[in-house]
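**Q** next one to model:
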Amino acid sequence: MILSLIASVAKNRAIGYQNKLLYPFKADLERFKQLTTDHTIIMGRRTFESLPNGALPHRRNIVISRSVASFAGCVRVSSFAEALEQCQNEEEVFIIGGEQVYKEAINQAEKLYLTEIDAMPERADAFFPDYQDWHRIYYETHKKGEYNPFTFAFTVYQKPILCL
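**A** Alright, predicted model coming up:
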């Protein structure tokens, strides 16, 4: 199983404010859908609660929660380890948030699919973990324009290989 994290991050690694995405724009949301459709996605309770229509269609949704017993259209687990146990036979699994789940998952992840936005939010209360030691293997830049409110890049990072 390939464990991948997917997020949209500002220059300071900010990802959200008051349980909302900082920069939801069409190109990023389309890329998210294209990458995660037909895969399992893992998220925390607050991320699930931020979804406007509940469980995301055409994906197996796993929600980590110790306080809520069930989520419509989702598999509910009580820990990240339990979520991974549910995915042993999957080809690729995506962690979609939030901050705490990203922090717990990043050391076990193999890939990061990031939309890196060339902006700094006025306010943010959720941040993506540091990934400066990861190796960028894909980079596609997009200029600010009619459909892009900011200059941004679609990037893919691979886990650094440690040599002994």
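
**Q** and the gap between Gly73 and Lys20?
**A** 21 Å (Cβ to Cβ, to the nearest Å). Bear in mind the C-beta positions are built from the backbone N, C-alpha and C, glycine included.

**Q** between those two, who's got more neighbours?
**A** Gly73 (15 against 9; other Cβ atoms under 10 Å).

**Q** neighbours around the closest residue to that one other than its chain neighbours, how many?
**A** The shortest distance from Gly73 to any non-neighbouring residue, by Cβ to Cβ, 6 or more residues apart in numbering, is to Ala55 (3.2 Å). Using other Cβ under 10 Å, Ala55 has 16 neighbouring residues.

**Q** and the closest residue to Leu22 other than its chain neighbours, which of the three is it?
**A** Leaving aside its sequence neighbours, Leu22 sits nearest to Pro121 (Cβ to Cβ, 6+ apart; 4.9 Å). Secondary structure, DSSP: H, G, I helix; E, B strand; the rest coil: Pro121 is coil.

**Q** so what's Pro121 up against?
**A** Contact analysis of Pro121 by Cβ atoms under 8 Å, 6 or more residues apart in numbering lists Ala10, Asn12, Ala14, Tyr17, Leu22, Tyr23.

**Q** go on, Thr115?
**A** Going by Cβ under 8 Å, 6+ apart, Thr115 touches Ala7, Ser8, Val9, Asp28, Arg31, Phe152, Ala153, Phe154, Thr155.

**Q** out of those residues, which are buried?
**A** For those, a burial check counting by 16 or more other Cβ atoms under 10 Å picks out Ala7, Ser8, Val9, Asp28, Arg31, Phe152, Phe154, Thr155.

**Q** secondary structure for the residues you listed - can I get that in JSON lines?
**A** Output for the buried ones among the contacts of Thr115, formatted as JSON lines (three-state DSSP):
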{"residue": "Ala7", "secondary structure": "strand"}
{"residue": "Ser8", "secondary structure": "strand"}
{"residue": "Val9", "secondary structure": "strand"}
{"residue": "Asp28", "secondary structure": "helix"}
{"residue": "Arg31", "secondary structure": "helix"}
{"residue": "Phe152", "secondary structure": "strand"}
{"residue": "Phe154", "secondary structure": "strand"}
{"residue": "Thr155", "secondary structure": "strand"}
